[in-house]
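Novice: Return atomic coordinates for the entry below.
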Amino acid sequence: MAATKRQFTAVTEANSDDFRRPQAVLLTVIAVGSFVLTLPAPFFRMQPRLGSAVLEKIVTLTTGESFEAQTFSLLGGIRHLWVDGQSGLAAVLFLFSVLFPVIKLTGLVLQVGQLLPTTSSAVVWLSRLGKWSMLDVLVLALIVVAFKAFPGGTRIELCWGTWTFAISVIASMAASQLTSPTKSDVKTRVDPGKTH
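Specialist: The predicted structure is shown next:
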């Protein structure tokens, strides 16, 4: 009876993997494509204001600061922070909004392309990294909230790059969930010589 149950479980898991693979491939393609579009895409548009047209003119005349709307891409915004001397913030944003997603998406492509065995430690680490995906969205939310807190009616408008970034994060999370190792895969990785 126990052997029959193990055989049924193995067949069910194999069929489940066959069913989930095309969905995982599609979601991975969406995640990678969306992320590639995100990098140069307009991410947000900022219209700085001081609250008074007279005050804005005085500041413009004395400091040369412009109050024209500026549009930033993800990479352009990080570069702008770096050039303005905010290297710490630029590094954190680069790490969690560019480098981390590139590593995660590369691993996901390898996993979905079946170039990594499901029992490899890399797959287990990818599964663990998937829990940090929402950190990208949190960083974006913190940026928007920080800019919205500017005095004088400064406006922030999210552009289409924000939505491609969100699509990439959600699609990669879904693909990771579909390709995450099962409990039996993890047991096999831990003790490959042991039979159940």
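Novice: Where does the prediction get shaky in the protein?
Specialist: By pLDDT under 70, the weakly predicted segments of the chain are 1-19, 116-124, 126-152, 180-196.
Novice: Quick check: longest strand in it by residues?
Specialist: Using DSSP state E, we find that the single longest strand of the chain is strand 42-47.
Novice: got a list of contacts for that strand?
Specialist: By Cβ atoms under 8 Å, 6 or more residues apart in numbering, the residues outside strand 42-47 that reach it are 67, 69-74, 76-77, 143-144, 147, 154-162, 165. To be clear about C-beta, it is placed using only N, CA and C from the backbone, and glycine gets the same treatment.
Novice: show me what contacts the closest residue to P40 other than its chain neighbours?
Specialist: In this structure, P40 finds its nearest non-sequential neighbour in S73, 5.3 Å apart by Cβ to Cβ, 6 or more residues apart in numbering. Counting by Cβ under 8 Å, 6+ apart, S73 touches L39, P40, A41, P42, F43, G161.
Novice: Identify each buried residue in stretch 31-43, please.
Specialist: Across stretch 31-43, burial judged by 16 or more other Cβ atoms under 10 Å covers A31, V32, S34, F35, L37, T38, L39, A41, P42, F43.
Novice: Given whatever helix or strand E157 lives in, what are its sheet partners and their directions?
Specialist: Counting by DSSP states H and E, the element that carries E157 is strand 155-158. Taking DSSP bridges as the criterion, strand 155-158 pairs within the sheet with strand 42-47 (antiparallel).
Novice: And the next helix or strand past the strand it pairs with?
Specialist: helix 53-63.
Novice: May I have that next one exported as PDB, CA atoms only?
Specialist: Extracted in PDB, the C-alpha atoms of helix 53-63 (Å, rounded to 0.1, in the frame of the first residue of the first chain):
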ATOM      1  CA  ALA A  53       5.200  81.500  -8.300                       C
ATOM      2  CA  VAL A  54       7.000  84.600  -6.900                       C
ATOM      3  CA  LEU A  55       9.200  82.400  -4.600                       C
ATOM      4  CA  GLU A  56       9.900  80.100  -7.500                       C
ATOM      5  CA  LYS A  57      11.100  83.000  -9.700                       C
ATOM      6  CA  ILE A  58      13.300  84.300  -6.900                       C
ATOM      7  CA  VAL A  59      14.900  80.900  -6.300                       C
ATOM      8  CA  THR A  60      15.400  80.500 -10.100                       C
ATOM      9  CA  LEU A  61      17.100  83.900 -10.400                       C
ATOM     10  CA  THR A  62      19.300  83.400  -7.400                       C
ATOM     11  CA  THR A  63      20.300  79.800  -7.600                       C
END
